[in-house]
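> Got a predicted structure plus its sequence, pasted below:
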Amino acid sequence: MLLLVRFPLLGRAWKSAGGAGAPAAPAPPLGLPSQHASALRSAAVLREARGEPSAAADLYVRAATEAARSGATLWEAQSLLMAAPLAARSGGSRRASTLWHRGRRLAETGGSRLLTGLADLFPPTAPAPDPAPLPQLTPREREIAALVTEGLTTPAIAARLYLSPRTVDTHLSHIFRKTGVTTRAALATLTARSAASP
């Protein structure tokens, strides 16, 4: 606890993150945005260590906002770059990509080759495109998509539904066009996701 006494901002961050039995409250604004940003980054580290990536990402974003208020561009960039992988881990791949690009751009503008180099080592994964909903398919197309998901080939689908293989291929081409997927595997994934979503 000596560390917390000697560094009051870290102590506030520890307490705001729920350390030492203190209530989870944000570090109070000191009227000094740079110091507040530092306290928020410390709280984010603690939240991440406790296995709360979403809360940690939010704290890093708040730290970036405070750093921007004080004109500390590189601290803003670092906070955004720290938030990006945490946002991705908590399911926000689009948010992660936005945070990463903004943080990298700020680091590059600020002339920090170290931050841009580190950012380039860990770029965000491209966000997956939103799957097209299956309700736009006809009942027969949904039936064929479900059979593709089961792993059936065109001849097997044709035999099961009493259709010609050419008719099944025509339905598949319509399904691919409507959903935007180009392979049977992608169609199977899309169908499985659609079935799993409420």
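Here it is on my side, so go on.
> who's in contact with the closest residue to R142 other than its chain neighbours?
Nearest residue to R142 in three dimensions, chain neighbours excluded: L134, at 6.0 Å (C-beta to C-beta, 6 or more residues apart in numbering). In this view, the C-beta of every residue, glycine as well, is placed from N, C-alpha and C. Contacts for L134 were tallied using C-beta atoms under 8 Å, 6 or more residues apart in numbering; they are R142, A145, T179, L190, T191, S194.
> which phi and psi does the residue with the largest distance to the centre of the chain have?
Residue farthest from the centre of the chain, counting by C-alpha atoms, centre = their mean, is Y162 at 44.2 Å. Reported as degrees, to the nearest 10, the phi and psi values for Y162 are phi 60, psi 50.
> which parts of the host helix or strand of L46 are buried?
Element membership for L46 (DSSP states H and E) is helix 33-49. Residues of helix 33-49 classed as buried: 33, 35-48 (neighbour count, 16 or more other C-beta atoms under 10 Å).
> State the next helix or strand along the chain beyond it.
Next along from helix 33-49, by DSSP H and E: helix 53-70.
> Please point out which parts of that next one sit buried.
So helix 53-70, judged by 16+ other C-beta under 10 Å, has buried residues 53, 55-68.
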